[in-house]
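>>> Give me a model of this one.
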Amino acid sequence: MDILLVASAFNSLSQRVYAELSDEGHRVDVVLASHGPDAVRAAVREVRPELVVAPMLKSALPEDVWREHACLIVHPGPPGDRGPSSLDWAIAEEAPQWGVTVLQAEAAMDAGDIWADGSFPVPPVGKSDMYRNEVSDAASAAVLLAVRRFADGSYKPRPQSDPGIEVVWRDFFRQEQRRIDWENDSTRTVLRKLRGADSQPGVRDELCGREVFLHGGHPEDRLRGEPGELLATRSGAVCRATRDGAVWIPELRPRKNSGDPAPFRRPAASVLAGFPAPPGSHGMPGSSDRPYWLPEIAAPLELPPDRTTWADIRYRQRGDIGFLTFSFPGGAMSTTHCRRLLAGYRYALSRPTSVLVLGGARDFFSNGIHLNVIEASSDPAGESWSNLNAMNDLVEAVLRTTDRLVVAAVGGNAAAGGVMLALAADEVWCRTGSVLNPHYRNMGLYGSEYWTYSLPRRVGAETAERLTTEALPVSAATAERIGLVDRLVPVPAQEFPDEVERLAAGLADDPDLTQRITAKATARHADELQRPLAEYRRTELARMRAIFFDPQAPYHALRSAFVRKLPAGSARPLAAGDAL
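From the prediction side, this is the model:
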């Protein structure tokens, strides 16, 4: 069928629906509803779709469109649920189960007949993580079923007046309901509120006399203080005391009208570094990356099993297998992230293992360089250059590992340099719900991270050219079919880490493992003789440097528009986050 996707943003769910409908043989076009109702009407006239599907929509479809064409809307709530903040209410009310419904568009919001639905358990994670995983899994399955039913022509959708469907309207979830009462809220309540707004819109609060939005939350088991007191920093996050414990907050966002030149999400410690120190603070101003008046308290790379604290990079060992896991907000990796992960990788290489698993956590694997940190820098071109070189150093370390097998365990989405980081490994294992964007074009970049070496050797020169120029999302199934991925892991997001551990144990027990490691070292030596990795790096970086240090290069305007959420000219923006 000819299908038109209408979305407020080409976010993770929209990309997954696009990729999986394309896999089913449908011709799929995309129009952004954020470009206005006339853009939607124009796309409908041009495409003449048999079906319109809206996977993520913040505004209503034009009435003439849904009256004249079959339009299916994805609502992130169970049958009968209505309103604009469904997932927020699910988290706030600690619902054990939630759902997704595919509805026929009509005048009343979320009131149309039901074409398909699905349910899922609500995990103890942030809203954006749940959206990209449990919600995405249920929504994708429901959309594919609804499209098959529509194409068949014999299915009659269920009206919401059917017995057994309870209609519940849930109002917009406001900041007043998210507000944290630091004196009285328990740590559990604070975490629930933070997780319910981790990506968007954040929890409005006040720090050092300034209004900010808090993004993300993780428990802390040892640090304590007066409720609301800032206690420490760690790897860009800040720790804040509750009445019965403490929480780590990875990111802050200044208000847009605060006068801050960078009013967007970024590491919390760097935002605090620009605030005036509280009265009575000790120490001298130093780095702009963290507030000098708070101690930096590191967590060990190998965290003891009895600890409950936040660390974005961890190492553990099970017999002959090392596991280096990492999880960065939004999948973005700043210069500091890359350098710390490289240090962790070098530590992992010092351990006596024959298999090293890189990644393995649920949600994002990596989306490459950190555009928000770059945009906030006083020298965006210089920071872009530093960030890219740090990313290249990390990828090169993986490519040059010849004494063990390295597995990239991709539990969530990956894009740009994050895909190339995975491709540097010997094997790529990918959860079936993941979406890959192996390209840089939408940000006006040529790309680096040794992609000109890694991508063609996996998929061939012709496919590599197509992937990087078409700049379209790739489903996990297609990634495996074309050789981008070696193994699909068909499990829910919650089960991914355990399944990766099981698969890694099987790899470590493979009687041919020693032979494979020897063959790997031989192949790397042969490749180096044919064309050194240093030459790939020089060529790629020459192209990227010319872009970074050209003030007129489109990259700078595209980066700024993406980070500051300004209108974008492309129908397919970079896949580095979600609009919830």
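
>>> drop to CA atoms for contacts and neighbour counts, all remaining ones
Fine.

>>> who touches stretch 52-59?
With contact meaning Cα atoms under 8 Å, 6 or more residues apart in numbering, stretch 52-59 is reached by 3-9, 11, 13-14, 17, 33, 69-75, 84.

>>> Same check on stretch 134-153?
Residues contacting stretch 134-153 (Cα under 8 Å, 6+ apart): 1, 13, 16-17, 20-21, 74, 76, 99-102, 115-122, 155, 433, 492-493.

>>> starting at the chain centroid, how far to that stretch?
23 Å (Cα atoms, centre = their mean, to the nearest Å).

>>> same question, stretch 513-531
Counting by Cα atoms, centre = their mean, stretch 513-531 is centred 33 Å from the centre of its parent chain.

>>> Sort out for me which of the contacts of stretch 134-153 are in strands.
Taking DSSP state E as the definition of strands, the contacts of stretch 134-153 contribute 74, 99-102, 115-121.

>>> Export these as TSV, with columns for neighbour count and pLDDT.
Converted to TSV, the ones in strands among the contacts of stretch 134-153 look like this (neighbours: other Cα atoms under 10 Å; pLDDT from 0 to 100):
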residue	neighbour count	pLDDT
Val74	23	98
Gly99	23	98
Val100	28	98
Thr101	28	98
Val102	33	98
Trp115	23	98
Ala116	24	98
Asp117	23	98
Gly118	21	97
Ser119	20	97
Phe120	16	97
Pro121	14	97
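
>>> Save the residues you listed as a markdown table, and put in distance to Arg538 too.
Listed next are the ones in strands among the contacts of stretch 134-153 as a markdown table, based on distance: Cα to Cα, whole Å:
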| residue | distance to Arg538 |
| --- | --- |
| Val74 | 46 |
| Gly99 | 49 |
| Val100 | 48 |
| Thr101 | 50 |
| Val102 | 49 |
| Trp115 | 53 |
| Ala116 | 52 |
| Asp117 | 51 |
| Gly118 | 49 |
| Ser119 | 50 |
| Phe120 | 48 |
| Pro121 | 48 |
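
>>> Now for these: which two are most distant?
Greatest spatial distance in these: Trp115 and Pro121, 21.3 Å, computed using Cα to Cα.

>>> Return the residues in contact with the closest residue to Lys156 other than its chain neighbours.
Distance criterion Cα to Cα, 6 or more residues apart in numbering; nearest residue to Lys156, sequence neighbours excluded, is Trp115 at 7.9 Å. Taking Cα under 8 Å, 6+ apart, we find Trp115 in contact with 101-104, 146, 149, 156-158.

>>> Most neighbours out of the residues you listed, which is it?
The most neighbours of any of those, using other Cα atoms under 10 Å, belong to Val102, which has 33 neighbours.

>>> Roughly how far does that one sit from Gly80?
11 Å (Cα to Cα, to the nearest Å).

>>> where along the stretch 151-300 of the chain do the strands fall?
168-169, 203-207, 210-215, 218-220, 230-234, 237-241, 246-249, 251-254, 266-267 (DSSP state E, counting those that start in this stretch).

>>> Please identify the deepest-packed of those strands.
strand 246-249 (a mean of 28; mean count of other Cα atoms under 10 Å).

>>> ok, residues contacting that strand?
187, 191, 214-221, 223-225, 237-241, 268, 310.

>>> ok, now stretch 422-429?
395-396, 398-399, 405-410, 454-455, 484-489.

>>> Could you list the alpha-carbon positions for that stretch in CSV?
What follows is stretch 422-429, C-alpha atoms only, in CSV (Å, rounded to 0.1, in the frame of the first residue of the first chain):
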residue,chain,number,x,y,z
ALA,A,422,29.1,-0.8,17.4
LEU,A,423,30.5,-1.8,14.0
ALA,A,424,34.1,-1.6,15.4
ALA,A,425,33.3,-4.8,17.4
ASP,A,426,33.7,-8.3,16.0
GLU,A,427,30.0,-9.1,16.5
VAL,A,428,27.0,-6.8,16.8
TRP,A,429,24.0,-8.2,18.7
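
>>> So what's the model's average confidence on it?
For stretch 422-429, mean pLDDT is 98.

>>> ok, back up a step: show me the contacts of stretch 422-429 that map onto strands.
405-410, 487-489.
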